[in-house]
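J.: I'll drop the sequence and a predicted model, then ask my questions.
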Amino acid sequence: MMHECSLPTINPQVVCREEFDGWAILFDPDSGKAFGINPVAVRIWKNLDGKTKKEDILQELKSSFSEVPENIESDFVDFVRDLVEKGFAGYEV
Amino acid sequence: MNPILRDLDKLYFCSFEKGEIRAGDVVVIDTGLEKKVIHRVVSVNERGIITRGDNNYADDSWTLRSEQIAGKVMYALRGKRKWIVRGGWGGQIQSAPTIFKRKLLWRVHGILRPIYQGLVTSEKLGFISLPVKAIALQRPEGVELLLMLSGHIVGKKKTGEPWRIKPPMRLFLKESDLSEIVDRMNSLQSPRMK
């Protein structure tokens, strides 16, 4: 379960290779797992430093992308939880 | 195959139907597992094919049959850059600097290892307190801790296993600092990570 007020930080072993169309592939050489992400998710990924607040990231998404859905927050939480469950992101201890 | 190939490089390979496998070729090895391995052919003899990653200390433990080779890597693509991956003599020349560097490091490690091991097994460690931090990652087998120093990974710890610290960092880390990280992780594990 995600902590209410803290976001994870990216797994520093994971390689993020951005493609020309803004999409990217996340690859964890430790597990061999790869994960394709869209441009919005790429922006979230770049902000997952364990310091930037969720509200600030959501605000940046709303100002950077058009037609941001109303349920962006729940999508955001689901995506971040997915990253943590796959070992692509973790919490600083 | 660092540094010639890196994670997420796109590789173009072709089968060996029209040619023979030569020492120096970079080949795609079908290990029968989920992951394929890309290594260079070291030698081909009557017993089979011997391979090794350019950056590895030793040859691979396996001896391959030709049907276990899925193909020869011809090109690699990284971003917009595309280049030829040399095979045969060209491949041996291309990999020579990496292999030389690796052998040199191996010899230096051989000299320094006993001294390092002696210091590590003694209790005279951790004479500097380094500003390390740790990241807890969820893995199928439990939580893995990555020990970070200035953005670099200097150690790892899997659940139930001891810390694996990159030499020579073990000399500078206090046992109490490492135990404290594990304690912090255990106290945070319940609300954040299953």
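T.: Cool, got the structure. What you are looking at is a predicted structure, and each value in this text was computed from that prediction instead of being measured. Residues are numbered from 1 along each chain as shown, chains lettered A, B, ... in the order given.
J.: rest of the way, CA atoms for contacts and neighbours
T.: OK.
J.: state which helix of chain B is the longest.
T.: helix B:88-121 (DSSP state H).
J.: check contacts around the residue positioned nearest the centre of chain A.
T.: Geometric centre of chain A, nearest residue: A:Trp45, 3.4 Å, by Cα atoms, centre = their mean. By Cα atoms under 8 Å, 6 or more residues apart in numbering or on different chains, the contact list for A:Trp45 reads A:Ile10.
J.: look up phi and psi at it.
T.: phi -50, psi -40 (degrees, to the nearest 10).
J.: for the helix or strand just after the longest helix of chain B, packing partners?
T.: On the C-terminal side of helix B:88-121, the nearest following helix or strand under DSSP states H and E is strand B:133-139. Judged by 3 or more Cα pairs under 8 Å, 6 or more residues apart in numbering or on different chains; DSSP states H and E, the packing partners of strand B:133-139 are helix A:72-86, strand A:89-92, strand B:142-149.
J.: got the contact list for strand B:133-139?
T.: Outside strand B:133-139, the residues touching it (Cα under 8 Å, 6+ apart) are A:9, A:11, A:84-93, B:143-149, B:181, B:185, B:193.
J.: picking up where we left off before, what mean pLDDT does the longest helix of chain B have?
T.: For helix B:88-121, the mean pLDDT works out to 87.
J.: report the buried residues of it.
T.: B:88, B:91-92, B:94-95, B:98-99, B:102-103, B:116, B:120 (16 or more other Cα atoms under 10 Å in any protein chain shown).
J.: show me what it is packed up against.
T.: Helix B:88-121 packs on no helix or strand, going by 3+ Cα pairs under 8 Å, 6+ apart.
J.: apply 10 Å and report the result again.
T.: Packing contacts for helix B:88-121, counted by 3 or more Cα pairs under 10 Å, 6 or more residues apart in numbering or on different chains; DSSP states H and E, involve strand B:26-29, strand B:37-45.
J.: next, the angle from it to strand B:37-45.
T.: On the basis of axes from the mean of the first three to the mean of the last three Cα atoms, to 10 degrees, helix B:88-121 is oriented at 110 degrees to strand B:37-45.
J.: distance from the chain centre to helix B:88-121, please.
T.: In terms of Cα atoms, centre = their mean, to the nearest Å, the centre of helix B:88-121 is found 14 Å from the chain centre.
J.: contacts for stretch A:19-35?
T.: Contacts with stretch A:19-35, where a contact means Cα atoms under 10 Å, 6 or more residues apart in numbering or on different chains, come from A:11-18, A:36-43, A:45, A:83, A:86-88, B:7-8, B:34-35, B:79-80, B:139-140.
J.: what's the span of it, first residue to last?
T.: 13 Å (Cα to Cα, to the nearest Å).
J.: how about stretch B:62-79?
T.: 33 Å.
J.: may I ask which two of the buried residues of helix B:88-121 are separated the most?
T.: Greatest spacing in the buried residues of helix B:88-121, by Cα to Cα: B:Gly88 and B:Val120 (43.4 Å).
J.: which parts of chain B sit against chain A?
T.: For chain B, the contact set with chain A under Cα under 10 Å from any Cα of the partner chain comprises B:7-9, B:34-35, B:78-80, B:133-140, B:143-148, B:151-153, B:180-194.
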